[in-house]
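Asker: sequence and predicted structure are below.
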Amino acid sequence: MSMREHLRAWWAAHRRPSLAAGACLAAAMSVLWFRVLPDAVDDATGWAWLALSLGHGVCWALLAASMVIGVANGPRRLRSGLAWAALASYAAFVLALVTR
């Protein structure tokens, strides 16, 4: 059995518990990032303030939601959409952080 086949077999056997654990960690990270804001928020205005205040927390919340839907064997398109939205949220956060 190749390494790739071994990993696929492992993922097939452990997919739901792994996604559930990931969802719990992502939810915890979301709560953390909504409570702990970067110092750059103090100087930001407009869209940059919004991205810095919410971007990272929203990213983790969207990832958690995507994983919960994965645990429930929800629609793949919805899971992917949430994951892409998380990436967009994180990109806005990083862009605001770098361009402040």
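Answerer: Structure received. Model, not experiment: these values are computed from the prediction.

Asker: any stretches of the protein with poor pLDDT?
Answerer: Judged against pLDDT under 70, the chain has no low-scoring part.

Asker: ranges for the helices of the chain?
Answerer: 3-35, 46-71, 76-98 (DSSP state H).

Asker: the longest one - contacts with which helices or strands?
Answerer: Using 3 or more C-beta pairs under 8 Å, 6 or more residues apart in numbering; DSSP states H and E as the contact definition, the elements that helix 3-35 packs against are helix 46-71. All C-beta atoms are positioned from the backbone trio N, CA, C, and that covers glycine.

Asker: so how far is the helix it packs on from its chain's centroid?
Answerer: Offset of helix 46-71 from its chain centre (C-alpha atoms, centre = their mean, to the nearest Å): 6 Å.

Asker: want to throw the helices of the chain into TSV with mean neighbour count?
Answerer: Shown next, in TSV, are the helices of the chain (neighbours: other C-beta atoms under 10 Å):
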stretch	mean neighbour count
helix 3-35	13
helix 46-71	20
helix 76-98	16
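
Asker: for stretch 68-81, measure first residue to last.
Answerer: Taking C-alpha to C-alpha, to the nearest Å, stretch 68-81 runs 13 Å from one end to the other.
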